[in-house]
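A.B. asks: Below is the structure, and that's it, no one-letter string:
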């Protein structure tokens, strides 16, 4: 058995979620090979070689992979991955984008966002916005799967010394090109990697009021998230959304402010270690999952919280 | 320009689903069904392209049980011109993509719009698979779509922000939440939709095998989280977080 793990990185460094994905690969067992595709991604490949438990790192360094365009990356992974029993990628906006293409090119049915490995052919995954967990079995030649990072504890980033092998496969499908990107600039930690997350919901009333949450977050070193209701209402951008249709987070501490606790939101944060809910509605469903609930007007409670932490 | 839009019949998003007693799946008896919300956004985008004069014809396609005709009729009421239903239940994404690919080969649309995922299986695969099988570019998780001069510029929701890609037509687009706000069908349009053409096909018509490749062994409810305690004020909360939970 051999598992190919697609590394997520920014060319200079690996993204933490790669370590969670390698952890899922270890549960499957067998040889673990990491594929780093990018442009000028030597440093990321070096970092991948140090991951504990990795036997080899393959590097595809070409302009065609600079922006992780799905059309190009999928052709590469389908070709490189053919001989492997499993191909894994993190369930991020990159992995979700290109991996189904790989599965189609290999003519296999992909398994999305696994949250558990029972054995090499049996996996668990959430369906219906996390309201049910399916155990599925696949005996296909190659099991192509995205991995929900928060469901697996990361392996150590150091301690390995895998050989690095350069690939000379340049795949440019020629049907897509990168125009540009707008990334939110923030000194706060990334939502899915943060130890503490402070999230606001419809109760915040408008985007300006999120300023209160940013202040608390900065004192706690936390990331700021939002419920789908807050995103739909236009308070904050969609990349802040925590929930089944947004980001899945599992921090040490999750503080839900003015969030009622719709099922789709709970699906994105209920694996957090400690959950705090601040809501003026005593009956809000969020209190059913909160370790600490505070029934209070958030416009009084949040500034006070900022002072006391 | 012809636009193909895919729609799926799923449990209404307001329904709290329950796992069946025998753990074979989710209990769907007497549960309200509806068009998948991301598919509604796909239909809306196609209709807006037609209103702008970019699209000339909209074909709504569904792969699903006989009752999925209702969702195609909804798409027709919203502005699609005709429908195609491939009648087959519980088809997995790869087989759906193969059926859509066969329809794309016949219909030759310039743009195929799908929802990014269906809220039942949460797979998020079909659009990407169709694009791969058809050799097309893909603009997934779209928050903005602009068609011009034989290509389509798609702004995509990615982790940390937005990315814009340029795709040669024909291309596949999958919709994210903020692409648009779907309209409601008016009563006169619902009546008119009943007269629009709807073709019923079977997977065999396209020579596609729809037997499942991944087997569901069991479906269980997720582990329940227990409710904790209520605190009286912010001071008590901070004290608990510092000294009891030790997380700050």
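C.D. replies: The structure has been received and is ready for your questions. Here the structure is a predicted model, which is why all the values come from computation and not from measurement.

A.B. asks: ok, residue A:288 to residue A:282 distance?
C.D. replies: Distance, residue A:288 to residue A:282, using Cβ to Cβ, to the nearest Å: 12 Å. C-beta: built from backbone N, CA, C; applies to glycine.

A.B. asks: I should have written residue A:203 there, sorry.
C.D. replies: Taken as Cβ to Cβ, the span from residue A:203 to residue A:282 is 13 Å.

A.B. asks: The lengthiest strand in chain B vs chain A: in contact?
C.D. replies: Secondary structure of chain B per DSSP state E: the longest strand is strand B:137-148. Yes: under the criterion of Cβ under 8 Å from any Cβ of the partner chain, chain A is reached by strand B:137-148 at B:137-138, B:140-141, B:143.

A.B. asks: Return the closest of these with respect to chain A.
C.D. replies: residue B:137 (3.8 Å; Cβ to the nearest Cβ).

A.B. asks: residues in contact with the closest one?
C.D. replies: By Cβ atoms under 8 Å, 6 or more residues apart in numbering or on different chains, the contact set of residue B:137 is A:71, A:173, A:175-176, B:131, B:165, B:167-168, B:171-172.

A.B. asks: for the closest residue to residue B:90 other than its chain neighbours, helix, strand, or coil?
C.D. replies: Ranked by Cβ to Cβ, 6 or more residues apart in numbering or on different chains and with sequence neighbours excluded, the top spatial neighbour of residue B:90 is residue B:212, at 7.1 Å. Secondary structure state of residue B:212, per DSSP: H, G, I helix; E, B strand; the rest coil, is coil.

A.B. asks: Also residue A:46?
C.D. replies: Residue A:46 is classified as helix under three-state DSSP.

A.B. asks: Next, the nearest residue in space to it that is not next to it in sequence: secondary structure please.
C.D. replies: Closest residue to residue A:46 apart from its sequence neighbours, by Cβ to Cβ, 6+ apart: residue A:164 at 7.2 Å. Three-state call for residue A:164 (three-state DSSP): strand.

A.B. asks: okay, now residue A:164: neighbour count?
C.D. replies: 15 (other Cβ atoms under 10 Å in any protein chain shown).

A.B. asks: Quick check: bridge partners of it?
C.D. replies: Going by DSSP bridges, residue A:164 is paired in beta bridges with residue A:57.

A.B. asks: could you pull out the strands for the stretch 51-200 of chain A?
C.D. replies: A:56-61, A:86-90, A:111-114, A:116-119, A:122-127, A:132-137, A:143-147, A:163-167, A:176-183, A:196-200 (DSSP state E, counting those that start in this stretch).

A.B. asks: right, so of those strands, which gets closest to residue B:82?
C.D. replies: Among those, the nearest to residue B:82 by Cβ to Cβ is strand A:176-183 (29.6 Å).

A.B. asks: Show me what that closest one is packed against.
C.D. replies: Contact here means 3 or more Cβ pairs under 8 Å, 6 or more residues apart in numbering or on different chains; DSSP states H and E; on that basis strand A:176-183 packs against helix A:70-81, strand B:161-168.

A.B. asks: what does it contact?
C.D. replies: A:66-67, A:69-72, B:137-138, B:153, B:158, B:160-168.

A.B. asks: Mind listing the strands it pairs with, and their directions?
C.D. replies: Here, using DSSP bridges, strand A:176-183 pairs with strand B:161-168 (antiparallel).

A.B. asks: just checking, next helix/strand downstream of the partner strand?
C.D. replies: Counting by DSSP states H and E, the next helix or strand C-terminal to strand B:161-168 is strand B:171-175.

A.B. asks: what's the angle from that next one to strand B:137-148?
C.D. replies: Angle between the axes of strand B:171-175 and strand B:137-148 is 90 degrees (criterion: axes from the mean of the first three to the mean of the last three Cα atoms, to 10 degrees).

A.B. asks: Pull up the pairing partners for strand B:171-175, direction included.
C.D. replies: For strand B:171-175, pairing defined by DSSP bridges yields strand B:111-115 (parallel), strand B:137-148 (parallel).

A.B. asks: the inter-axis angle of the longest one versus helix A:70-81?
C.D. replies: With the same axes, to 10 degrees as the basis, strand B:137-148 and helix A:70-81 are set at 170 degrees to each other.

A.B. asks: other SSEs contacting the next helix-or-strand element following strand B:137-148?
C.D. replies: Downstream of strand B:137-148, the first helix or strand assigned by DSSP H and E is strand B:151-158. Judged by 3+ Cβ pairs under 8 Å, 6+ apart, the packing partners of strand B:151-158 are helix A:93-105, strand B:137-148, strand B:161-168, strand B:171-175.

A.B. asks: Now restrict the contacts of strand A:176-183 to buried residues only.
C.D. replies: Burial by neighbour count, 16 or more other Cβ atoms under 10 Å in any protein chain shown: within these this picks out A:66-67, A:69-72, B:137-138, B:158, B:160-167.

A.B. asks: what bridges to residue A:4?
C.D. replies: Beta-bridge partners for residue A:4, by DSSP bridges, are residue A:33, residue A:87.

A.B. asks: still on that earlier bit, tell me which of residue A:288 and residue A:282 has more neighbours.
C.D. replies: residue A:288 (16 against 9).

A.B. asks: Please report how far that one lies from residue B:156.
C.D. replies: 35 Å.

A.B. asks: Return the most buried member of the helices and strands packed on strand B:151-158.
C.D. replies: strand B:171-175 (a mean of 29; mean count of other Cβ atoms under 10 Å in any protein chain shown).

A.B. asks: what angle separates that one from helix A:93-105?
C.D. replies: Using the same axes, to 10 degrees: strand B:171-175 against helix A:93-105 is 130 degrees.

A.B. asks: relative to strand B:151-158, how tilted is strand B:171-175?
C.D. replies: Going by the same axes, to 10 degrees, strand B:171-175 makes 30 degrees with strand B:151-158.

A.B. asks: which is the next helix or strand following strand B:171-175?
C.D. replies: Next element after strand B:171-175 (DSSP H and E): helix B:187-193.

A.B. asks: mean confidence for the helix or strand following that following helix?
C.D. replies: Where DSSP H and E defines the elements, the next helix or strand beyond helix B:187-193 is strand B:198-201. Average pLDDT, strand B:198-201: 98.

A.B. asks: likewise stretch B:95-114?
C.D. replies: Mean predicted lDDT for stretch B:95-114 stands at 98.

A.B. asks: If we go by neighbour counts, what in it is buried?
C.D. replies: Within stretch B:95-114, the residues scored as buried using 16+ other Cβ under 10 Å are B:95-104, B:107, B:109-114.

A.B. asks: quick one: the longest strand of chain B to chain centroid distance?
C.D. replies: 15 Å (Cα atoms, centre = their mean, to the nearest Å).

A.B. asks: Stretch B:112-132 now?
C.D. replies: Distance, centroid of stretch B:112-132 to centroid of chain: 6 Å (Cα atoms, centre = their mean).

A.B. asks: Do me a favour and get the end-to-end distance for that stretch?
C.D. replies: Using Cα to Cα, to the nearest Å, one end of stretch B:112-132 lies 13 Å from the other.

A.B. asks: How about the contacts made by residue 51?
C.D. replies: I went with chain A, as the question did not name one. A:14, A:18-19, A:22, A:34, A:155-160, A:162.

A.B. asks: not quite, I wanted chain B
C.D. replies: Neighbour list for residue B:51: residue B:79 [criterion: Cβ under 8 Å, 6+ apart].

A.B. asks: do the same with the one 10 residues further on
C.D. replies: Remark: with contacts taken as Cβ under 8 Å, 6+ apart, residue B:61 is in contact with B:4-7, B:72, B:83-86, B:100, B:103.

A.B. asks: Stretch A:42-50: which residues count as buried?
C.D. replies: The neighbour-count check on stretch A:42-50 (16+ other Cβ under 10 Å) flags A:43-45, A:47-50 as buried.

A.B. asks: could the helices and strands packed on strand B:151-158 be laid out in TSV, adding distance to residue A:195?
C.D. replies: Converted to TSV, the helices and strands packed on strand B:151-158 look like this (distance: least, Cβ to Cβ, whole Å):
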stretch	distance to residue A:195
helix A:93-105	22
strand B:137-148	27
strand B:161-168	22
strand B:171-175	33
